[in-house]
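Novice: Sequence and predicted structure, then a few things I'm wondering about:
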Amino acid sequence: MRNFFPISYSLYRKKLIPKCTVCHCASSCPSYNSTASFSASSSSDDDDDLEQKTPSSVSYMAGSHSHYGPGKLIGKTALITGAGSGIGRHTAFLFAQEGASVVVVDKNMSAVARAADAVKEFGGSCLGICGDVSIPEDVEAMVSKAEKAFGSLHILFNNAGILDKLDHDAVDTPIEVIDKTLAVNFKGTLYGCKYGIPAIKRAGGGSVINVSSTVSLVGSSSPKVAYTSSKGAILSLTRELAIFHAREGVRINALCPGPLRTNLIMQHLKSEKLERLLKFIPMGRFGEAAEVAKAALFLASSDSSFMTGSSLVIDGGITSAFDSPS
Ligand SMILES: NC(=O)c1ccc[n+]([C@@H]2O[C@H](COP(=O)([O-])OP(=O)(O)OC[C@H]3O[C@@H](n4cnc5c(N)ncnc54)[C@H](O)[C@@H]3O)[C@@H](O)[C@H]2O)c1
């Protein structure tokens, strides 16, 4: 028997989670989370800090909000790729907090070990695997290890992704950058579906969540053609597979986040570019990985039971905007 004790409850008892000042729940909520007011002038120290969160701060950032209530994923096993950092890491905490056994995968061995140790330290059931989603054998192995460790796989979060500094327009983007970006972002997601969907069917059904981006919905004058094409392909893939598997108990949806305060763009864009980008976000701030993790939880859980083939946009208003309040 798995010895799971809800993280939020144990942390609250240890008084590690301060009470929310808005609703007095024992956790974080968007109103409480002071990091939400990040400005583009953050230094690279902040970027390091994004990666180096202590387990308690990561758990806190991931949010154990009582409005969700613990236990939405009790008895489920979730495999999360790109879980060594950003959205994936936050989602691992949130899913574990909600009762899932989590399999965290990343190509960065030390990052995935840190994430797995941190989840386990707080009472979650977690298996860490070092693997590269662009290698089909790695993806097949991670799915099979998840089934072996926890008996079955119900949730697949195809989240790993890269954005190369040299990714630009069609003329200037190096061929290697195009190939590598499509291999990780698009093929990695397709391999996840190839090996993950049969496992989810063996488990009796579940949810696949693919990570696209707002760049697949609107154009930009700062092109990154390889990244944008890979994210567009993920949306098409999601729709097609969702319809094909619609009567098999496998729901397949996509998340379309806007710019977030994670390593992916904070480490790549210079502060002037971040400053410019910020002006186009109607809500006037970058999103947080924890905010996307909550959307992933919605798609993973039965709260979204009548959703398949959808794209859930989490973008501070970008894709609805003609202009932005200045
Ligand atoms: N940050 C944003 O603004 C933003 C916006 C829209 C979509 N997204 C998407 O969200 C996803 C997560 O991004 P993030 O912001 O958390 O980035 P991040 O850089 O913080 O995390 C990505 C993780 O994926 C891992 N990874 C990269 N290549 C891998 C591979 N081949 N195999 C296994 N793991 C690999 C990295 O080691 C890293 O830990 C990505 O697919 C990204 O494209 C991000």
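Specialist: Structure's in. What do you need? Residues are numbered from 1 along each chain as shown.

Novice: Okay, buried residues for the host helix or strand of A295 please.
Specialist: Using DSSP states H and E, A295 maps to helix 289-300. The neighbour-count check on helix 289-300 (16 or more other CB atoms under 10 Å) flags 289-300 as buried. (Glycine included, C-beta is placed from N, CA and C.)

Novice: and if you look at stretch 82-97?
Specialist: Using 16+ other CB under 10 Å as the test for burial, stretch 82-97 gives 82-97.

Novice: ok, now stretch 311-319?
Specialist: For stretch 311-319, using 16+ other CB under 10 Å, the buried residues are 311-316, 318.

Novice: List the residues that contact K201.
Specialist: Residues near K201 by CB atoms under 8 Å, 6 or more residues apart in numbering: 248-250.

Novice: change it to 6 Å
Specialist: Residues counted as contacts of K201 (CB atoms under 6 Å, 6 or more residues apart in numbering) are E248.

Novice: For A293, see how far away it is.
Specialist: K201 sits 26 Å away from A293, going by CB to CB, to the nearest Å.

Novice: The ligand contacts on the stretch 151-300 of the chain?
Specialist: Contact residues, the stretch 151-300 of the chain versus the ligand (CB under 6 Å from any ligand atom): 159-162, 184, 188, 211, 213, 257, 259-260, 262-265, 289.

Novice: Quickly name whichever of those is closest to F150.
Specialist: Proximity of these to F150 (CB to CB) peaks at N159, which lies at 18.8 Å.

Novice: State the number of residues packed around the closest residue to the ligand within the stretch 101-250 of the chain.
Specialist: Per CB to the nearest ligand atom, G161 is where the stretch 101-250 of the chain lies closest to the ligand, at 2.2 Å. Residues near G161, counting by other CB atoms under 10 Å, number 25.

Novice: Then R247?
Specialist: Residues near R247, counting by other CB under 10 Å, number 7.

Novice: go on, the one 5 residues further on?
Specialist: I252: 30 surrounding residues under other CB under 10 Å.

Novice: returning to that earlier point: kindly identify which of the buried residues of stretch 82-97 also come near the ligand.
Specialist: 82, 84-88.

Novice: Closest to F306 out of those?
Specialist: The closest of those, once distances to F306 are taken by CB to CB, is I87, at 24.4 Å.

Novice: got the contact list for the closest one?
Specialist: Counting by CB under 6 Å, 6+ apart, I87 makes contact with 159, 289, 292.

Novice: so it is in which element?
Specialist: Following DSSP H and E, the helix or strand that holds I87 is helix 86-97.

Novice: for whichever helix or strand comes after that helix, packing partners?
Specialist: Remark: after helix 86-97, the chain's next helix or strand is strand 101-106, criterion DSSP H and E. Counting contacts by 3 or more CB pairs under 6 Å, 6 or more residues apart in numbering; DSSP states H and E, strand 101-106 is packed against strand 77-81, helix 86-97, helix 109-121, strand 126-130, helix 136-150.

Novice: Those: which one's closest to I175?
Specialist: helix 136-150 (21.5 Å).

Novice: Now the closest one - C-alpha only, PDB.
Specialist: These are the backbone C-alpha positions of helix 136-150, laid out as PDB (Å, rounded to 0.1, in the frame of the first residue of the first chain):
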ATOM      1  CA  PRO A 136      11.600   7.100 -28.900                       C
ATOM      2  CA  GLU A 137      13.300   4.300 -26.900                       C
ATOM      3  CA  ASP A 138      13.500   6.700 -23.900                       C
ATOM      4  CA  VAL A 139       9.800   7.500 -24.100                       C
ATOM      5  CA  GLU A 140       8.800   3.900 -24.500                       C
ATOM      6  CA  ALA A 141      11.000   3.100 -21.400                       C
ATOM      7  CA  MET A 142       9.600   5.900 -19.300                       C
ATOM      8  CA  VAL A 143       6.000   4.700 -19.900                       C
ATOM      9  CA  SER A 144       6.900   1.100 -19.100                       C
ATOM     10  CA  LYS A 145       8.800   2.100 -15.900                       C
ATOM     11  CA  ALA A 146       5.700   4.100 -14.800                       C
ATOM     12  CA  GLU A 147       3.500   1.100 -15.300                       C
ATOM     13  CA  LYS A 148       6.000  -1.200 -13.600                       C
ATOM     14  CA  ALA A 149       6.400   1.200 -10.600                       C
ATOM     15  CA  PHE A 150       2.700   2.100 -10.000                       C
END
